[in-house]
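Enquirer: One predicted model, sequence on top.
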Amino acid sequence: MDNGQRNEKLDDIYRRYAESLYYYLLRLSGSPTVAEELVQETFFRATVSLHFYKHEEVRPWLYKVARNTYLDEWRKRKRWNWVPFFEKEEMHSPYGLPLEEALNRETERELKELLDILPENYRTIIYLREFADFSYQEIQETMELTESQVKVTLHRARKRLQQLSGERREFND
């Protein structure tokens, strides 16, 4: 494959997966700015490591690169005790939100808060399965787990999420 074909293929991969990787990294990091930076870093690393790519499925491979990029960034920021800048809330209409949209946002916010409490591997596996519609095989490749480890970890993550949700309801009652 010459450089022209390689660049064209990379462009296609970027167009196809950049948005979904952004939402995955946003879910992990909680910051749109950090998620954007991590997407760029993911594609940079993917380009650099393309010669190591073993022609496995592209999506799980990219998510593996993205996850490793996130973990590296998280470790680096933890080492420096990084504190994110205040991020402005998105602006809302002065006329209010329809009730259904408000309820959906509240539910989304609660789910995000619960997911943020979970350890990274639980957040990742739930996100990949429930939000990114990954198959068990794709999760195996992305997280470098066996099939049984995927099933057990996903079960434990869902169970922990359910426990946290129940604890929150009890606390709010």
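Expert: The structure has been received and is ready for your questions. Keep in mind the model is a prediction, meaning the values are calculated, not measured. Residues are numbered from 1 along each chain as shown.

Enquirer: Could you use CA atoms for every contact and neighbour count after this?
Expert: Will do.

Enquirer: residues contacting residue 45?
Expert: Residue 45 makes contacts with residue 65, as judged by Cα atoms under 8 Å, 6 or more residues apart in numbering.

Enquirer: going forward can the numbers begin at 9, since that is how I track them
Expert: Sure, I'll start numbering at 9, so the last one becomes residue 53.

Enquirer: can you list the domain ranges for this protein.
Expert: 9-90, 106-181 (automatic domain parsing).

Enquirer: Can I get those domains in TSV including mean pLDDT?
Expert: What follows is the domains of the chain, written out as TSV (pLDDT from 0 to 100):
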stretch	mean pLDDT
domain 9-90	80
domain 106-181	84
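
Enquirer: most centrally placed residue in this protein?
Expert: Residue closest to the mean C-alpha point of the chain, counted by Cα atoms, centre = their mean, is residue 32 at 2.4 Å.

Enquirer: Now the helix or strand containing residue 158: buried residues?
Expert: Taking DSSP states H and E as the criterion, residue 158 maps to helix 155-180. By neighbour count on 16 or more other Cα atoms under 10 Å, the buried set for helix 155-180 is 158, 159, 161, 162, 165, 166, 168, 169, 172.

Enquirer: separation between residue 120 and residue 38?
Expert: From residue 120 across to residue 38, the span is 9 Å (Cα to Cα, to the nearest Å).

Enquirer: again with residue 117
Expert: Applying Cα to Cα, the value for residue 117 to residue 38 is 11 Å.

Enquirer: same thing with residue 131?
Expert: Residue 131 is 12 Å from residue 38, by Cα to Cα.

Enquirer: ditto for residue 124
Expert: To residue 38, residue 124 is 8 Å away according to Cα to Cα.

Enquirer: any idea how far residue 85 lies from residue 79?
Expert: For residue 85 relative to residue 79 (Cα to Cα), the value is 10 Å.

Enquirer: rewinding a little: who has more neighbours, residue 117 and residue 38?
Expert: residue 38 (15 against 12; other Cα atoms under 10 Å).

Enquirer: related to what we said a few turns ago, could you redo the buried residues of helix 155-180 as TSV and give each row distance to residue 69?
Expert: Output for the buried residues of helix 155-180, formatted as TSV (distance: Cα to Cα, whole Å):
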residue	distance to residue 69
158	16
159	19
161	20
162	19
165	22
166	24
168	27
169	26
172	31
